[in-house]
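>>> Quick one: sequence and predicted model below, then my questions.
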Amino acid sequence: MFTLFEPSKTKIKNFLAAQKDLPFSYEEVGASKEKIPSGYPINHRRVQLGSGADAFARARKAIESWTMYRLNWTRIYPPDTPIAQSETVCVVVNHGFCWSLNPCRIVYVLKETGGEIERYGFAFGTLPGHSEEGEERFTVERRRADDSVWYELLSFARPHHILARIGFPFVPLFQRKFAEDSACAMLKFVSQDGFK
C-alpha cells in the first residue's frame with residue numbers, strides 16, 4: 001500500500017490486521033532456504049561483522065531486535081515482534097516522495113549449532129498488500145574454522161503492486177540500498193559502541 005503521507009501507527013496497525021491471515025503472495029514459500037527460484041531478481045549482501053563468541057551474541061541480538069530495519073528510511077511495525085514462525089510485521093518505507101506499507105510473515109527460523117558453522121536467522125515472505133512478491137532471508141553466522149562472524153541478506157522479489165511495476169527500473173536500486181544500509185546498521189550494532 002502506498003500513501004503520500006507518513007502513516008500513523010493506527011493506520012499501520014489496521015492495515016496489518018487486515019493482511020495478517022491472508023496467504024502469501026507468491027508460490028515458492030520457503031525457497032530461500034534451499035534453492036532460489038528462477039524468474040526473480042536476486043538481492044544479496046554478505047559482510048563480516050567481527051569475530052568470536054561475543055560478536056556472534058551481539059549479531060544474534062541485532063537480528064532479534066530488527067536492527068537491519070532501524071534505518072532513517074525503513075522501520076518494522078510492531079518493533080518488538082519476536083522472531084518466530086508465522087509472526088507478521090509491516091515494513092514501513094519512506095521512498096522520499098511517498099511511503100509504502102509492506103506486510104510480511106515469517107516463513108521459518110534458522111537455529112543451527114554444533115557444526116562447523118553456527119547460524120541464526122529467519123526468512124519472511126510477502127503478503128498480498130506488499131509492493132513486491134517474494135522472500136527475504138537474514139542470517140548471522142559464526143565460522144568455527146577462523147571464528148569469523150558474518151551477516152548475510154538474501155532475497156528474491158519482483159514487483160507486485162502496479163506502482164512497483166511502473167517504477168521497476170528503480171526497485172533494484174532501493175533493494176541494493178537496503179542491503180547496504182542494513183549491513184551498515186548490523187556492523188554498527190555489533191561494534192562495542194552499538195551494543196547495549
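Yep, it's here.

>>> make it CA atoms for all contacts and neighbour counts henceforth
Will do.

>>> just checking, next helix/strand downstream of the helix or strand of the chain with the lowest mean pLDDT?
When each helix and strand of the chain is scored by mean pLDDT, DSSP states H and E, helix 162-166 comes last, with a mean of 56. The helix or strand immediately downstream of helix 162-166 is helix 171-190, counting by DSSP states H and E.

>>> That next one - what's its average pLDDT?
Helix 171-190 comes out with an average pLDDT of 90.

>>> And what about the residue sitting furthest away from the middle of the chain, helix, strand or coil?
Largest separation from the mean C-alpha position in the chain: A145, at 27.6 Å (CA atoms, centre = their mean). For A145, the secondary-structure state derived from DSSP: H, G, I helix; E, B strand; the rest coil is coil.

>>> what about the closest residue to it other than its chain neighbours, neighbour count?
Leaving out its chain neighbours, the residue that sits closest to A145 by CA to CA, 6 or more residues apart in numbering is E116, at 7.0 Å. For E116, the neighbour count with other CA atoms under 10 Å is 12.

>>> From what I see, E116 and S148 are in contact.
No. E116 lies out of contact with S148 (CA atoms under 8 Å); the separation is 11.4 Å.

>>> any idea which helix or strand comes after the longest strand seen in the chain?
Longest strand of the chain, by residue count under DSSP state E: strand 99-112. Counting by DSSP H and E, the next helix or strand C-terminal to strand 99-112 is strand 117-126.

>>> residue contacts, the closest residue to I117 other than its chain neighbours?
Leaving aside its sequence neighbours, I117 sits nearest to R143 (CA to CA, 6+ apart; 4.7 Å). Applying CA atoms under 8 Å, 6 or more residues apart in numbering to R143 gives the contacts 116-118, 149.
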